[in-house]
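Colleague: Provide a 3D model corresponding to the input given below.
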Amino acid sequence: MSRDRMAQAFADFDRIQQLVERAATRLLRVLDLPSWLDPEDVMQEGFRIVCEAVERWDPERARFTTYLYLHLDLFLRRAILRRLRGHAECPLWEEEEESGDGIHETVEAREELEALQRALQCLKEEMPLAFAVVVRYFGLEGHAPCAITKIERQLGLTRGEGQGWLQRGLDRLRSLLQERDGEGKGG
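Modeller: Numbers count the residues shown, from 1 in each chain. The predicted structure is shown next:
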């Protein structure tokens, strides 16, 4: 990358810093992040993403801050998902030793995971297209997490259709899990 392009991208560094801080703050507020994920780490990840974004940015098409604003939210979400997935791959017995919690939390976590797997199976049977969008979006069933636009291309959907199927799928999963919770409390 040329020095000119780098200088052009970072000409307004204060504005870029504000964009990263706003995007990270919004994500921290919107997403229910686990306590072990430090907000400073999210900010640092945002700045790392900025450095990578410079390589993909085309000065002919938009100002860097405009390009960055449109992509930072998605890039940060993906980075957080990667960190969450890496943490979730820790064996349950190691988590129990680290946290000092009893076996009850481990059993509850396993029951919740099984309930989610059953709900996903129901979704697969009831709404196969919604299932396909959900698993691709969140990186389940062996898929890497994808942006909605890429999922729409993969599945031959029109623009905006993928978001609709994602929302319907998540709504159905939520209702399936709430039904399960209602049965567990009532029975």
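
Colleague: tell me which element Lys124 falls in.
Modeller: helix 103-126 (DSSP states H and E).

Colleague: mean confidence (pLDDT) on that helix, please.
Modeller: The pLDDT scores in helix 103-126 average 81.

Colleague: buried ones in the following helix or strand past it, by neighbour count?
Modeller: Past helix 103-126, further along toward the C-terminus, the next helix or strand under DSSP H and E is helix 128-138. Residues of helix 128-138 classed as buried: Ala130, Phe131, Ala132, Val133, Val134, Val135, Arg136, Tyr137 (neighbour count, 16 or more other Cβ atoms under 10 Å). For every residue, glycine as well, the C-beta is placed using N, CA and C.

Colleague: so who does Val135 touch?
Modeller: By Cβ atoms under 8 Å, 6 or more residues apart in numbering, the contact set of Val135 is Leu120, Glu141, His143.

Colleague: now rank those residues by neighbours and give me the top one.
Modeller: Leu120 (18 neighbours; other Cβ atoms under 10 Å).

Colleague: test my guess that that residue contacts Ala130.
Modeller: No - between Leu120 and Ala130 there is no contact under Cβ atoms under 8 Å: 10.5 Å.

Colleague: overlap of the contact sets of those two?
Modeller: Counting by Cβ under 8 Å, 6+ apart, Leu120 and Ala130 have no contacts in common.

Colleague: nearest to Asp41 among the buried residues of helix 128-138?
Modeller: Of all these, the one with the least separation from Asp41 (Cβ to Cβ) is Tyr137, at 23.2 Å.
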